[in-house]
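Undergrad: Sequence and computational prediction follow.
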Amino acid sequence: MSLERSKDVSVKGDDTPLPQDVAAVFESYPADKRTRLLELRGLILDCAQRLFGSASVTESLKWGEPSYRPLPKHGGTTVRLHWKPKFGDQVGLFVHCQTTVISDMRALYGDVLSFDGNRCLWIPARDAYPRDAVEHFVAEAFRYGKR
């Protein structure tokens with residue numbers, strides 16, 4: 001089934017439909033990268049649900065990349081997902097470069113997670129990754145500025 005044609009695509013128990021423009025971007029990724037990115041989408045939406053309740057995050061495109069932002073009443077910063085050929089066999093979770101999210105997470109998880117500068121957390125496209133640490137990363141981004 002094409003992601004672009006279906007508004008009812010769900011990810012591993014997540015029944016949140018993909019907006020058509022976002023679905024088209026996911027469809028453009030190679031299958032192995034798309035699988036991991038959709039898995040991370042589910043993690044992001046699950047995290048938002050646990051933090052703020054249902055319908056607490058907007059899913060849209062920013063710079064042509066799937067982006068997840070808590071509703072304004074919750075504060076926080078956007079988390080974007082992306083892959084392009086120069087990333088090789090890893091996908092990126094990006095946050096605004098003027099936040100301290102990356103430096104804070106590097107201090108906690110620098111031995112188990114891989115970061116790029118002050119804006120990207122790398123996740124292997126195929127191999128296992130420390131899910132709890134990535135969930136913490138997303139939670140910190142979504143709560144950024146509220147502590």
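TA: Okay, I see it.
Undergrad: Scan this structure for its longest helix.
TA: helix 31-52 (DSSP state H).
Undergrad: Report the buried residues of that one.
TA: 33-34, 36-48, 51-52 (16 or more other CB atoms under 10 Å). For the C-beta atoms, the positions are set from N, CA and C on the backbone; glycine is no exception.
Undergrad: what does stretch 65-72 give?
TA: So for stretch 65-72, counting by 16+ other CB under 10 Å, buried means 65-70.
Undergrad: Take the residues you listed and lay them out in TSV including secondary structure and distance to Y129.
TA: Formatted as TSV, the buried residues of stretch 65-72 follow (DSSP: H, G, I helix; E, B strand; the rest coil; distance: CB to CB, whole Å):
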residue	secondary structure	distance to Y129
E65	strand	19
P66	strand	18
S67	strand	21
Y68	strand	18
R69	strand	23
P70	strand	23
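Undergrad: Mind telling me the two of these farthest from one another?
TA: Spatially, the most separated pair among the buried residues of stretch 65-72 is E65 and P70, at 17.1 Å (CB to CB).
Undergrad: three-state assignment of the spatially most central residue of the chain?
TA: Centroid check for the chain by CA atoms, centre = their mean gives L81 as the closest residue, at 4.7 Å. With DSSP: H, G, I helix; E, B strand; the rest coil as the basis, L81 sits in strand.
Undergrad: From what I see, it and V95 are in contact.
TA: No: using CB atoms under 8 Å, L81 is not in contact with V95; the gap is 11.3 Å.
Undergrad: Assumed L93 was part of a strand.
TA: Yes: per three-state DSSP, L93 lies within a strand segment.
Undergrad: Quick check: nearest residue in space to it, chain neighbours excluded?
TA: L121 (4.5 Å; CB to CB, 6 or more residues apart in numbering).
Undergrad: That neighbour: what's it in contact with?
TA: 92-95, 102, 105, 113-115, 134, 137 (CB atoms under 8 Å, 6 or more residues apart in numbering).
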